[in-house]
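Novice: please find the sequence and the predicted model below.
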Amino acid sequence: MLYYSLDKDAHQPRFAYEGDAGMDLALSHDLTVPVGAHRMGDTGVHVAIPEGHVGMLFVRSSTGIKRNLVLSNGTGIVDNGYRGQVKISLHNTGDKTQHITAGDYIAQLVVVPIATNNIAEVPALDNTQRGEKGIGSSN
């Protein structure tokens, strides 16, 4: 179960269609993002991500395609202990200033399970077929 609370000016999160993976989030205020600039948007939504899960924040497809807006950090991460409002840092990659109206659903929060791992330093890692072959190594 994903619990949430709303600030006074927040808009209700929603799943646009039954079975959607992402919960749509709207801005709680108007926002203007000039060409090439980054701007922080407030949603007024606070979430309690279940233990053993992480919230991953993405722009909605229409936000990226129609408005040329992307998240400044690629993908936002909401850890399960965070209780502040979900904020959206947008970057305008297009050729015109973008104006977003309060209530426009521009991002989505996807909650997924995570593997919690212990970490340990070792003198060397085991060998694999791929080894240190990096980007482009598989053609």
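Specialist: Nice, thanks for sending it over. The model shown is predicted, which means the values in this text are computed figures rather than measured ones. Residues are numbered from 1 along each chain as shown.

Novice: in a helix, that's where T63 is, yeah?
Specialist: Yes - assessed with DSSP: H, G, I helix; E, B strand; the rest coil, T63 lies in a helix.

Novice: any idea how far it is from Q85?
Specialist: For T63, the distance to Q85 equals 19 Å [CB to CB, to the nearest Å]. Where you see a C-beta, it was placed from the backbone N, CA and C, and this is true even at glycine.

Novice: in terms of neighbours, single out the busier of those two.
Specialist: The neighbour comparison of T63 against Q85 (other CB atoms under 10 Å) goes to T63, with 22 against 16.

Novice: show me the contacts for the residue nearest to that one when sequence neighbours are not counted.
Specialist: With sequence-adjacent residues excluded and distances taken as CB to CB, 6 or more residues apart in numbering, T63 is closest to I106, at 4.5 Å. With contact set as CB atoms under 8 Å, 6 or more residues apart in numbering, I106 has these partners: 25-27, 41, 59-60, 63, 67, 69, 88, 90, 100.

Novice: just the pLDDT for I106.
Specialist: The model reports I106 with a pLDDT of 96.

Novice: now it: which helix or strand?
Specialist: Element membership for I106 (DSSP states H and E) is strand 105-113.

Novice: check H46 too.
Specialist: Assigned by DSSP H and E, H46 belongs to strand 38-48.
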